[in-house]
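Novice: here is a sequence together with a model predicted from it:
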Amino acid sequence: MLRRTLHLAAFGLRQTGAIPSTSRYLPKLLDNQDKILCRLQPTRDYAKGKDKKKEKGGKGKPAKVEINEQQLREILNFDGLNSQMQKSVSQMKDDFVKHLSLRSTSGAIDTLRVKVDGQEHELQELAQISRKNPKTIIVNMIAFPQTIPDVLKAIEKSGMNLNPQQDGTTLFIPIPKVTKEHRENLSKNAKALFVKYRDAIRGVQMEHIRKLKKQPELGKDDAFAAQAQVTAIADRYIGEADKLLATKQKELLGD
């Protein structure tokens with residue numbers, strides 16, 4: 001095989017007249033052929049698209065951001081950031097329990113928040129609440145009759161699908177039947193509450209990022225890393241709220 005290769009190489013050179021067919025040129029010729037073959041070999045040093053995705057977290061997912069609590073404490077109010085975001089999740093959970101039940105019990109009505117003259121009160125602070133029968137709740141407003149319009153407004157916005165009937169200073173509230181439509185309305189109200197508190201968490205996130213951008217002493221890389229960590233913290237709380245929503249909607253829809 002080697003002899004045939006040498007013969008063909010020499011024959012090609014004689015045909016082109018590039019060099020005489022003497023054996024002293026063959027080593028150089030073979031060396032040149034080796035170089036050409038090397039240039040023709042496919043290059044595999046570059047990572048493929050899938051490999052790049054894996055390097056960034058796998059299957060196109062963003063790489064996980066590690067939270068450096070010590071670093072964040074030096075440049076922002078870390079406890080305040082977490083406290084504000086956690087408060088939104090807790091308030092959403094509280095609203096789910098109090099205002100999104102399949103059956104509007106007297107207990108849920110007791111803790112209904114009513115805004116009077118700019119201050120919030122629980123309905124049980126303003127009225128006497130009892131049950132006339134399993135299908136009707138009675139709210140006696142004789143102690144604070146002036147707050148009846150505020151109470152009616154709070155009941156209307158509660159998302160509990162209640163239709164109170166007023167008789168003087170007394171409100172009679174029929175408990176609605178648990179229909180498919182009622183379940184779907186409650187589920188929609190749950191999603192609306194989630195969006196409200198999700199946006200509140202994003203608002204806290206953006207507020208702290210704006211403060212970071214106003215710190216000229218922070219290096220560009222440090223500022224970018226801190227912003228990514230603040231976003232990751234917000235994502236964590238929103239993820240927690242999203243799980244609460246999924247659980248509540250499953251309960252309301254009967255899935």
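Specialist: Arrived safely.
Novice: quick one: the helices in the protein, in order.
Specialist: 2-16, 26-40, 49-55, 69-75, 78-99, 106-110, 123-126, 148-156, 180-213, 220-253 (DSSP state H).
Novice: pull the CA atoms of the fifth one into CSV?
Specialist: The one in question is helix 78-99. Extracted in CSV, the C-alpha atoms of helix 78-99 (Å, rounded to 0.1, in the frame of the first residue of the first chain):
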residue,chain,number,x,y,z
PHE,A,78,-31.9,42.1,53.4
ASP,A,79,-34.3,41.5,56.3
GLY,A,80,-36.7,44.2,55.0
LEU,A,81,-36.6,42.7,51.5
ASN,A,82,-37.6,39.3,52.8
SER,A,83,-40.1,40.6,55.3
GLN,A,84,-42.0,42.6,52.6
MET,A,85,-42.2,39.7,50.2
GLN,A,86,-43.1,37.2,52.9
LYS,A,87,-45.9,39.5,54.1
SER,A,88,-47.5,39.4,50.6
VAL,A,89,-47.5,35.6,50.6
SER,A,90,-49.0,35.5,54.1
GLN,A,91,-51.7,38.0,53.3
MET,A,92,-52.6,36.1,50.2
LYS,A,93,-52.9,32.9,52.2
ASP,A,94,-55.0,34.7,54.8
ASP,A,95,-57.3,36.0,52.1
PHE,A,96,-57.7,32.5,50.6
VAL,A,97,-58.8,31.1,54.0
LYS,A,98,-61.2,34.0,54.9
HIS,A,99,-62.8,34.9,51.6
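Novice: mean confidence score for that helix?
Specialist: Averaged over helix 78-99, pLDDT sits at 93.
Novice: quick one on the thing from earlier: as a markdown table, the helices of the chain with mean neighbour count and distance to Thr169 would be great.
Specialist: (Each C-beta comes from the backbone N, C-alpha and C, glycine too.) Listed next are those as a markdown table, based on neighbours: other Cβ atoms under 10 Å; distance: least, Cβ to Cβ, whole Å:
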| stretch | mean neighbour count | distance to Thr169 |
| --- | --- | --- |
| helix 2-16 | 11 | 111 |
| helix 26-40 | 10 | 96 |
| helix 49-55 | 11 | 67 |
| helix 69-75 | 13 | 54 |
| helix 78-99 | 17 | 24 |
| helix 106-110 | 18 | 16 |
| helix 123-126 | 19 | 11 |
| helix 148-156 | 17 | 7 |
| helix 180-213 | 17 | 29 |
| helix 220-253 | 16 | 33 |
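Novice: and those helices: which comes nearest Thr170?
Specialist: For Thr170, the closest of the helices of the chain is helix 148-156, at 9.7 Å, according to Cβ to Cβ.
Novice: please state the offset of that closest one from the chain centre?
Specialist: 33 Å (Cα atoms, centre = their mean, to the nearest Å).
Novice: one more: stretch 119-130?
Specialist: Distance, stretch centre to chain centre, for stretch 119-130: 35 Å (Cα atoms, centre = their mean).
Novice: end-to-end on that stretch?
Specialist: End-to-end span of stretch 119-130 (Cα to Cα, to the nearest Å): 24 Å.
Novice: ok, residues contacting it?
Specialist: Under the criterion Cβ atoms under 8 Å, 6 or more residues apart in numbering, residues 106, 109-116, 137-144, 147, 151, 154, 171 lie in contact with stretch 119-130.
Novice: of all the helices of the chain, which one is nearest Asp167?
Specialist: Checking the helices of the chain against Asp167 by Cβ to Cβ gives helix 148-156 as the closest, at 11.2 Å.
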